[in-house]
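1. Sequence first, then the predicted structure:
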Amino acid sequence: MPTTVDLCWGAPPHPSASASSVVLIGRRAQLEAPSALRWTGLSEDTREAMLATVPTRDTGVAVSTFIGGRQVVLGVLPEACSRHNAPSRAWAIPELARKAAGRSPLVVVLVDDPAHAMASALAVARAFPVFTRATSVDKHRVVHVVVEGPDGLLDDPRIAPGMEGVRLAGELFDAPPSVLDCAGFVARARQVAADVGAEVEVIEGDALAAGGFGGIVAVGQAAEVGPAVVALRWRPTDAVGHVGWVGKGIVYDTGGLSIKGKTSMPGMKGDMGGAAAVLGAFSAACKAKVPHAITAVLCIAENAVGSRAVRPDDIITMKSGKTVEINNTDAEGRLVLGDGVSWMASHD
């Protein structure tokens, strides 16, 4: 059975006593602050010796020790803010957070700017995936997550639902197409809508062609399970503005007749990551009860190879009414997103 992980926002009642391990993540200056020691039980000399072994890199670096049988990890975030990075250094956090060990670890992120709390907590959430088909022995884990700024613990009512949204998106992204086909993605979207009390509209089958979704139909017409457009609506009372999100949901991308090679096709289960992110964000926003009206559109299809596949040289008519000549069937993303954006532009 797979390992199950519950992610909790906030430290356990007595972190120094109940945590099976402690992972303290921050830039070197935060880790060297006197207040950081209270999370780990380290002496100043031990902490200094641990940090002295950490090289300067553009990636996060972890160093660990044991105190009374409990692992303590110092995760040092990079000082550089590269083109792949944001000031929060959130991209480096998941790998460090994965160092958490045992049944009840505590992950603490130290930030120098309270504005980085959300990004830091959400990065920790990605370190603990939901989907697995591992045959390991079932072990239930409870991971507590805390973010601390210069003036103490930071909290934001959006963080807990945001972490749930990240894990939802990650679960979908990690699932193979044998588990998450187009119909499965649609079913999951319906489930999310029901959970958060949102409206949902599904356009599929003959209704796609009748509705003018030429791009999505063309991309998905060779697959065993047909394509769909899912529109989710969050409409709070006295909504402030209207936000629209459109996500690419290609559950698998072979490239179509412009087929990908053996080295570039593996991993294409993740070509639905945009729609997964939109669905996760929609769930999080609704659970946080944001005051904005939100419409989320998922453009779901499988770009398969078959006798019915769209061909280079075919000409299709998009939802917008524009005609498109196909040059490369591996350019499916712009076709499905074009239809999704066009639908969004014509709806409140």
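-> That came in fine, so what should we check first?
2. where does the residue nearest to L154 when sequence neighbours are not counted land in three-state SS?
-> Sequence neighbours aside, A117 is the residue nearest to L154 in space, at 4.2 Å (criterion: C-beta to C-beta, 6 or more residues apart in numbering). Any C-beta I mention is one placed from the backbone N, CA and C, and that applies to glycine too. A117 carries the three-state label helix when classified by DSSP: H, G, I helix; E, B strand; the rest coil.
3. For A117, give me its contacts.
-> Residues counted as contacts of A117 (C-beta atoms under 8 Å, 6 or more residues apart in numbering) are V111, V147, G149, L154, D156, I159.
4. From these, list just the buried residues.
-> Among those, the ones that count as buried by 16 or more other C-beta atoms under 10 Å are V111, V147, G149, L154, I159.
5. What are the boundaries of the helices in this protein?
-> With DSSP state H as the criterion, the chain has helices at 15-18, 28-31, 37-40, 44-52, 93-97, 117-126, 159-174, 182-196, 206-210, 214-220, 273-287, 332-345.
6. Pull out the buried residues from the fifth one.
-> Neighbour-count burial for helix 93-97, with 16+ other C-beta under 10 Å as criterion, is recorded at I93, P94, E95, L96, A97.
7. and which of those is nearest L337?
-> Distance ranking of those against L337, using C-beta to C-beta, places P94 first at 27.1 Å.
8. Now do the contacts for the closest one.
-> When contacts are counted by C-beta under 8 Å, 6+ apart, P94 touches A123, V124, R126, A127.
9. repeat that with 6 Å
-> Listed by C-beta atoms under 6 Å, 6 or more residues apart in numbering, the contact partners of P94 are A123, R126, A127.
10. quick one: which of the residues you listed has the most company?
-> The most neighbours of any of those, using other C-beta atoms under 10 Å, belong to A123, which has 25 neighbours.
11. Thought A90 was touching it, still the case?
-> Yes. Applying C-beta atoms under 6 Å as the test, A123 and A90 come out as touching, 4.0 Å apart.
12. Flag the shaky bits of the stretch 1-150 of the chain, pLDDT-wise.
-> For the stretch 1-150 of the chain, the stretches flagged by pLDDT under 70 are 1-3, 12-17, 82-85, 137-138.
13. That'll do, ta.
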